[in-house]
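**Q** Here's my sequence, what's the structure:
(chains A and B)
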Amino acid sequence: KAGVTQTPRYLIKTRGQQVTLSCSPISGHRSVSWYQQTPGQGLQFLFEYFSETQRNKGNFPGRFSGRQFSNSRSEMNVSTLELGDSALYLCASSLVGQSTDGYTFGSGTRLTVV
Amino acid sequence: QQQVKQSPQSLIVQKGGISIINCAYENTAFDYFPWYQQFPGKGPALLIAIRPDVSEKKEGRFTISFNKSAKQFSLHIMDSQPGDSATYFCAAKKRNNDMRFGAGTRLTVKP
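**A** Residues are numbered from 1 along each chain as shown, chains lettered A, B, ... in the order given. I've put the predicted structure just below:
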C-alpha cells in the first residue's frame, strides 16, 4: 500500500518567487492537512482539505494557499516567497477526517528560499 | 500561539531508563490526543493515541497518562532504548479534524 507522496523532495527558490508543492494521499483517504515544520516553531498547521473544500485553516498569511482535487490529491502554493518561508512542508492524509482518524505523514518537501 | 504546550524541549536518558514527556492544552474542544515520533529525514509517524474518557493507555513500552481535569497528558517510554532516540510530538485534535502539535521533544537515549 503506497504511503503519502510529496513532490518535490527538495526545492530552492529565490525571494519573491512563487512555489507549488504537491501531495498525493493514501488511496481512499479524503482528508489532507498541511504543516510547516521549522526548528524553532515545530509543526505549524497551515490548512486542511476534505472533499475538495478547505475545512480548517491556521494562522498563516494569504500568501499561503492550497487546493484539493477530486482524486483527493492536494497542492499548496506560496506566493512572493520570503526567507522565513524556508522550512520542511509536510502533508498528512486521513481516511474520512474524523477526530480519531490517524494521520499518515509524507516525508515532506524541504523548501529553501535564498 | 501554541495551543499545545510541550516540555521538555530536549531529554537525555540512559538505556533502560524511563523517558517522560509532558503536554498541556487549554481548548476543551480537543477530543483526541495522539503522540508522533519523528526520525531525521522522515515525516512524523503515529505512535500511540488516547481519548479523554480514558486515563491511561499502554502499548508495549509506551504509555499515555491523561488528566482531563488538569488538561494535561504525558508519554512514558519504559526501558528506553537507543533506537527510541527521535523527536516526539504530542498533538491534540478536534472533532473536525483540526490537529495542533506541541513544539516537540528531542529524546536521546545513551547506550
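**Q** Without its sequence neighbours, what residue ends up closest to A:His29?
**A** A:Ser93 (3.9 Å; C-beta to C-beta, 6 or more residues apart in numbering or on different chains). Using the backbone N, CA and C atoms, a C-beta is placed for each residue, glycine as well.
**Q** Please disregard the earlier target; I meant B:Ala45.
**A** Going by C-beta to C-beta, 6+ apart, B:Ala45 has B:Gln37 as its nearest residue, at 5.5 Å.
**Q** Surely the one you found touches B:Ile48?
**A** No - B:Gln37 is beyond contact range of B:Ile48, at 9.3 Å (criterion: C-beta atoms under 8 Å).
**Q** coming back round to it: bridge partners for the residue nearest to B:Ala45, pull those for me.
**A** Taking DSSP bridges as the rule, B:Gln37 bridges to B:Ala45, B:Tyr88.
**Q** now whatever residue of chain A ends up closest to chain B, which residues is it bridged with?
**A** For chain A and chain B, the shortest gap (C-beta to the nearest C-beta) falls at A:Phe105, measuring 3.1 Å. With beta bridges defined as DSSP bridges, A:Phe105 has these partners: A:Ala92.
**Q** re the thing from before, list the contacts for the residue nearest to A:His29?
**A** For A:Ser93, the contacting residues are A:4, A:23, A:25-26, A:29, A:31-33, A:72, A:103-104, by C-beta atoms under 8 Å, 6 or more residues apart in numbering or on different chains.
**Q** Now the closest residue to chain A within chain B: which helix or strand?
**A** Distances between chain B and chain A by C-beta to the nearest C-beta are smallest at B:Gly43, namely 3.1 Å. For B:Gly43, there is no host helix or strand (DSSP states H and E).
**Q** related to what we said a few turns ago, next, count neighbours for the residue of chain A closest to chain B.
**A** For A:Phe105, the tally of surrounding residues (other C-beta atoms under 10 Å in any protein chain shown) stands at 23.
**Q** Relative to B:Cys23, how far out is B:Gln3?
**A** Going from B:Gln3 to B:Cys23 by C-beta to C-beta, to the nearest Å gives 11 Å.
**Q** what separates the residue nearest to A:His29 from B:Pro52, distance-wise?
**A** 24 Å.
**Q** go on, A:Gln18?
**A** 41 Å.
**Q** the more surrounded of the two?
**A** B:Pro52 (16 against 11).
**Q** Need the pLDDT of the residue nearest to that one when sequence neighbours are not counted.
**A** Counting by C-beta to C-beta, 6+ apart, B:Lys68 is the residue found nearest to B:Pro52 once chain neighbours are left out, at 5.1 Å. According to the prediction, B:Lys68 has pLDDT 93.
**Q** And A:Gly102, by the same measure?
**A** 78.
**Q** repeat for B:Phe33
**A** Per-residue pLDDT puts B:Phe33 at 95.
**Q** That one pairs with what?
**A** Here B:Phe33, judged by DSSP bridges, has bridge partners B:Ile50.
**Q** show me what contacts it?
**A** Contacts for B:Phe33 (C-beta under 8 Å, 6+ apart) come out as B:23, B:49-52, B:64, B:66, B:73, B:90-93.
**Q** Most neighbours of all these, which one?
**A** Comparing these by number of neighbours (other C-beta under 10 Å), B:Cys90 comes first, having 28 neighbours.
**Q** Surely it is in a helix?
**A** No - per DSSP: H, G, I helix; E, B strand; the rest coil, B:Cys90 lies outside any helix segment and is strand.
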